[in-house]
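*Asks:* Provided below for reference: sequence and predicted model.
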Amino acid sequence: MIDTAAKQTAAQCRHYAMCKIDYLANGICPSGPEKHYVAYYPQGRMDLYRALADDLIPMTEALIDVAESCTLCGICDPQCHFVTGLRPMTVMQALKDHVRTHLDEKRPVQRPEADEALTRLRAIVGHDWASNDPAILFTYADDPFPLAGIRMPRYVVLPGSRDEVAAVISLANEFKMPFAIRGNGGSVFGFVFTDGIVLDMNRMRRIDFDVDNWCVSVEPGVTSFELQQEAWRRGFRVNAAEPAATVCGNIVCTGTFSPWSNVYGTAADGFIDMEFVDRNGKVFNLNDKSAPNVYAFEHAMIPSPGVCTKAVVKLHPVTDDEEGVLVPFADFREAVAFARDLSQRRIALALAVLGGQYISTFLSPSQTLSDTIKHVLPDVLGIRYLVLAVVDAHGRAAIGRMTSNLIDRALFRTLMLGLPRLGETELIDIIRGYEGNSAPYELVCRPEMRPLLEAILRPSPETIAGSVDEDLRDFYARLYARPEMTDLVWLSMFRIVSARMSRRKHMFAFLIYVPLDRVEVIEQIIAEFGRIADVHQIDHDYGFLTPMDFGKRAILEYDYYIDHTEAVEKQKIADAMVTIGPWLDGLAATTKGVTFLMQVFSQGCSRKENFLYRLDAL
Amino acid sequence: MRNKEREATSVLLTGGTGFLGSHLTVALLEKGYRVCLLARSRRQQPAEYRVGALLDWFGLPADSRRRLRIIEGDVTTPGLGVAPAVLRDVLRQTDEIVHCASSTAFSERKRADVERVNLFGLSQVLECARSSAARFFHHVSTAYVAGYTSGWCAEEPATPRRFHNPYEETKCRGEQMVIAACREMHLPLSIYRPSIVYGDSRTGRSLLFNALYHPVRTALFIKDLYERDILERGGRKAVEMGVRVEPDGTLWLPLRIEVIPEGGINLIPVDYFTNAFLSIMDGAPDGGIFHIVNQRVTRVEHLIDYTCRLFRVAGIRACEPEAFAAAPRNAIETLFDRYVEPYVPYMSDRRRFERVRSAPLIERNGTRCPQFDFEMFARCMAFAVESDWHSPLETTELARQQ
């Protein structure tokens, strides 16, 4: 018996793998770190329940183990809710109930036989770390990417070392079997599927610091969150990607970009060396003289250099006077000019021009509040863009001289913890009645207004917790009582709220490197994304823009939003891509400084200069 | 004009869901005119629904509504956003045009919107007038086309060099535009220049709670905020701000409002405006420019006193600018200062408006502008509080959204 509501929840899983990292310091699903396969994390159980509901897999031995290993501890519920608004506990319960009923009714349970390839894979990695059980395989067969369908691998393997990786690849070559690499087991953008072997690197999780050399060595199963956490504990920072993304996987795919790319760069800027197993099973380091030149960039879709088994990542210094601030703007050009100025003058560390959709989603623990704030920011306060800047005391003083409209650490905390009251009708009416020439946000930013603002918003962990389901409020109140939850430096480093971008619907992000000195080009790109989305009736919004290389270039994100469970919505994206692909290719060919991130795919180790400044014309 | 003539007269009125426009619509229908109302739809509420909600609020009887035709459109859209065939039909039947549609926003931030409505919108209505059968154009303007000036302002075209805000500027440019166009069309023109309009003097009812109302509402918002802080949360924020409860239960708010010790606010009730408008419409067949204003201005100090008495507040006081040099503004004062800043030119207004043309027409039937005293203030504010400071249209929109 399938629970329809649980099935709907299961189908909405975004595969962001946030249930695989302890980003709320609330613990992690106990079976995951023990068993390592995706199936043993809440994400996998969501997939399996959906598969059972749609009759895509049989009841198997592994599936029973997956269901029974869930203790219904409840950790996954707030963990998933924080980023997606989903409550997976209903699915966990439904999966256990379904399996229990199946067993009680003494219905058949499949136990796939081991063939020769599996036997040899198990000989390499150990019996427990290779499987052909359909339940295990299914959790590597699908993702929310709307343009990819289900593709079942034959085997999933969890190697524990570089040598095991090399041996698995040699075996795959011997059996003429394709393979795909999953850093953290997950997939979001429909790329890492295969009919052959999936290598899930989740067991390779070593982190070794070499502080004298300002670097840290990470294995491919280490996530950005975990590395940042370890670096931060030691007083360093790394340029990290989305928290659940693996460090190695991210570098190899596209290079790491974040608001910190303003100072830390991207691609080859982020590492000192990397270790690969090539497609013949041979090990090489990028610093080897005989290694392939992956620092070069080719404007084409090319395969990755191999399987990354280690990255030696740069550590960056941290000063104790860092502060995250926001500067509001009503006008895009003004916001871009300000951000560019900060970048050119080397004032900010992390830096980005955020749109209303982004910032309202980041700040709001619930979608309802986010929807309200998304309108309050522009329509009531006059804020259409916010420049996020992490600065030291000198930078903070410089920004203070450049603008009086500054949301500093204290004001940000007030606004964030009082956010639900900002959306209340009475306050909105009062602000709307303001007829002065300056934007209402300028009034909010005035230091002398703080006491009144605090009286109005009553900022507290309890106030912001009031915007979520009643049974989660205690958890959220405890969570938001932690200083880091209202600290823009911490939030920008660990990026745990970025994953909320897919809460409303699955996000389809377009990333383009753009010339920051040509704002009209950026505006044209934004307008064209908007136009195409409107034609295809797709929800869309500007995402962010981060200056790079001293304000000469930037990376732009524009987002489309679709319900990935609806066939009609998937078709809309497919139709839109027919226009978007050739348009971006044409734009990149004719406009210096424009490169679609898709073209960088698998070339994340290249020098950024080779794709930011293409010298084709010289 | 006799009733029969009125029944034969068809008026095309713009801005019918606005404050003045809706009152004029009802007054014209009650007088027996046939009215064709150009109204916008908004937030998925069709114009017909919005106008219906307003007429219900006015309590307009069904037989008067039979003389009303509602056309969904928007003055800021070429051709008023009406299907050409429908527009042709309307214009063919139009005897007089009453142009009320206007943006009353003061902020420079909203200049583009204000210009779009007050200038482009007017140009579109004038274009329609050209191809209509209209024999008269009535243009609702404002006394404040006078701009930066002091002393007497004549009932003549205004030619100020500076304005306080885009509203004054666009209304003045609008007057110039409408005068030139009507002269070219040989179309008689009346320009009506009200001062600041508040609710109905008899009932206190109003559709709009800006201008006079908004500073009072803001003060009450702050009062409620600190009262709740004292009652529900121990009053820590109130202490920080110097807010306290007096022994007699009134709330003491440390709020100084900057006032120049001259002039005052020129306030007229909306029923006086509509009566005056109809008197002028009836009594000035050749048109002209007419001030609809109060001969007696209201001092800000009186408004402060009325607010304190009615809402049991103390501590609010008018101060001359020098007072703020000695003691900088606190948060409440900063907020208030910013809020009343756009209204400063109207709070201590030294402009005086001639009534040479308008007074004889308005007063011939005994119509007099009532004094804005405490009772009037209390009546208007009681209605505002009862309405939760929302017009009936906003209330229905809110209900729909919820």
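*Replies:* Nice, I can see it.
*Asks:* Tell me who's in contact with whichever residue of the stretch 151-300 of chain A sits closest to chain B.
*Replies:* Residue of the stretch 151-300 of chain A nearest chain B, by CB to the nearest CB: A:P259 (28.9 Å). Every C-beta, even on glycine, is put in place using the N, C-alpha and C of the backbone. Applying CB atoms under 8 Å, 6 or more residues apart in numbering or on different chains to A:P259 gives the contacts A:A350, A:L351, A:A352, A:L388, A:V390, A:S492, A:F544, A:T546.
*Asks:* Could you export these as JSON lines, including neighbour count?
*Replies:* Converted to JSON lines, the contacts of A:P259 look like this (neighbours: other CB atoms under 10 Å in any protein chain shown):
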{"residue": "A:A350", "neighbour count": "24"}
{"residue": "A:L351", "neighbour count": "28"}
{"residue": "A:A352", "neighbour count": "27"}
{"residue": "A:L388", "neighbour count": "25"}
{"residue": "A:V390", "neighbour count": "26"}
{"residue": "A:S492", "neighbour count": "23"}
{"residue": "A:F544", "neighbour count": "25"}
{"residue": "A:T546", "neighbour count": "25"}
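*Asks:* Which two among these are spaced furthest apart?
*Replies:* A:V390 and A:F544 (14.2 Å; CB to CB).
*Asks:* residue ranges with poor pLDDT in the chain?
*Replies:* Unless you meant another one, I'm taking chain A. Across chain A, residues meeting the criterion (pLDDT under 70) sit at A:146-147, A:185-190, A:616-618.
*Asks:* should've been chain B
*Replies:* Checking chain B against pLDDT under 70 turns up B:1-7, B:394-402.
*Asks:* interface residues of it facing chain A?
*Replies:* Contact residues, chain B versus chain A (CB under 8 Å from any CB of the partner chain): B:105-109, B:210, B:214, B:217-218, B:221-222, B:225-226, B:229, B:233, B:237-238, B:240-241, B:328-332, B:334-335, B:338-339, B:341-343, B:389-390, B:398.
*Asks:* Show me just the buried residues among those.
*Replies:* Among the residues of chain B next to chain A, those classed as buried by 16 or more other CB atoms under 10 Å in any protein chain shown are B:105-107, B:109, B:210, B:214, B:217-218, B:221-222, B:225-226, B:229, B:237-238, B:241, B:329-332, B:334-335, B:338-339, B:341-343, B:389-390.
*Asks:* Do a quick rundown of the strands in the stretch 101-250 of chain B.
*Replies:* All strands of the stretch 101-250 of chain B, identified by DSSP state E, counting those that start in this stretch, fall at B:136-140, B:151-153, B:189-194, B:196-198, B:244-245.
*Asks:* Same check on the stretch 1-150 of chain A?
*Replies:* Going by DSSP E, counting those that start in this stretch, the stretch 1-150 of chain A shows strands at A:130-131.
*Asks:* what ranges do the helices span in it?
*Replies:* Per DSSP state H, counting those that start in this stretch, the stretch 1-150 of chain A has helices spanning A:4-11, A:31-35, A:42-53, A:61-69, A:76-84, A:89-104, A:116-125, A:134-138. These are given in chain order.
*Asks:* Now the longest one - C-alpha only, PDB.
*Replies:* In PDB, the C-alpha atoms belonging to helix A:89-104 read as follows (Å, rounded to 0.1, in the frame of the first residue of the first chain):
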ATOM      1  CA  MET A  89      10.100  11.500   8.100                       C
ATOM      2  CA  THR A  90       6.700  10.600   6.500                       C
ATOM      3  CA  VAL A  91       8.600   8.900   3.700                       C
ATOM      4  CA  MET A  92      10.900   7.000   6.100                       C
ATOM      5  CA  GLN A  93       7.900   5.800   8.000                       C
ATOM      6  CA  ALA A  94       6.000   4.800   4.800                       C
ATOM      7  CA  LEU A  95       9.000   2.900   3.500                       C
ATOM      8  CA  LYS A  96       9.400   0.900   6.700                       C
ATOM      9  CA  ASP A  97       5.700   0.200   6.800                       C
ATOM     10  CA  HIS A  98       5.700  -0.900   3.100                       C
ATOM     11  CA  VAL A  99       8.600  -3.200   3.600                       C
ATOM     12  CA  ARG A 100       7.200  -4.600   6.800                       C
ATOM     13  CA  THR A 101       3.800  -5.400   5.200                       C
ATOM     14  CA  HIS A 102       5.600  -7.000   2.300                       C
ATOM     15  CA  LEU A 103       7.500  -9.300   4.600                       C
ATOM     16  CA  ASP A 104       4.500 -10.000   6.800                       C
END
